[in-house]
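J.: Sequence isn't available, so here's the structure alone:
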């Protein structure tokens, strides 16, 4: 698995790692049971602090994308709590849609955009 860190991004490095792993799961590049690199390995490869990787893995664990095993390390383990996922998506989409409405994005454009994005993930499964 390749993690690409943009040191010039406004997005925190731990969030870049978290989001790339979630995208890897969504696009089927990462599957249930796949082991992630150890904290030390990923920090070394990416040239970042181990605490940053630890923070990303902790967030992924908290959100139900990985489990932490003392022997195997971080392992992809997708939480099947659909109701919780839908609630979190609604919170995130509410802000994104408010932003779009302020920029005069129409309902049809939003639907088209959601369909395009969903099709990208659905095609990979």
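T.: That came in fine, so what should we check first? Quick caveat: nothing in here was measured; it's all calculated off a predicted structure.

J.: and residue 75, which of the three is it?
T.: Secondary structure, DSSP: H, G, I helix; E, B strand; the rest coil: residue 75 is strand.

J.: Tell me the predicted confidence for it.
T.: For residue 75, the pLDDT comes out at 94.

J.: avg pLDDT for stretch 103-110?
T.: For stretch 103-110, mean pLDDT rounds to 96.

J.: Name the residues of that stretch that come out as buried.
T.: Using 16 or more other C-beta atoms under 10 Å as the test for burial, stretch 103-110 gives no buried residues. The way it works is simple: take the backbone N, C-alpha and C, and place the C-beta from them, glycine included.

J.: Can you measure across that stretch, start residue to end residue?
T.: 12 Å (C-alpha to C-alpha, to the nearest Å).

J.: How far does it sit from its chain's centre?
T.: A distance of 25 Å separates the centroid of the chain from that of stretch 103-110, by C-alpha atoms, centre = their mean, to the nearest Å.

J.: Tell me which residues are up against that stretch.
T.: Stretch 103-110 is contacted from outside by 97, 100, using C-beta atoms under 8 Å, 6 or more residues apart in numbering.

J.: Tally up the residues packed near residue 67, please.
T.: Residue 67 has 15 neighbours, counted by other C-beta atoms under 10 Å.

J.: sec struct for it, please.
T.: Following three-state DSSP, residue 67 is assigned to strand.

J.: how near is the nearest residue to it once chain neighbours are set aside to residue 97?
T.: Spatial nearest neighbour of residue 67, chain neighbours left out: residue 77 (4.1 Å); criterion: C-beta to C-beta, 6 or more residues apart in numbering. For residue 77, the distance to residue 97 (C-beta to C-beta, to the nearest Å) stands at 30 Å.

J.: Same question for residue 87.
T.: Between residue 87 and residue 97 the distance is 16 Å, computed by C-beta to C-beta.
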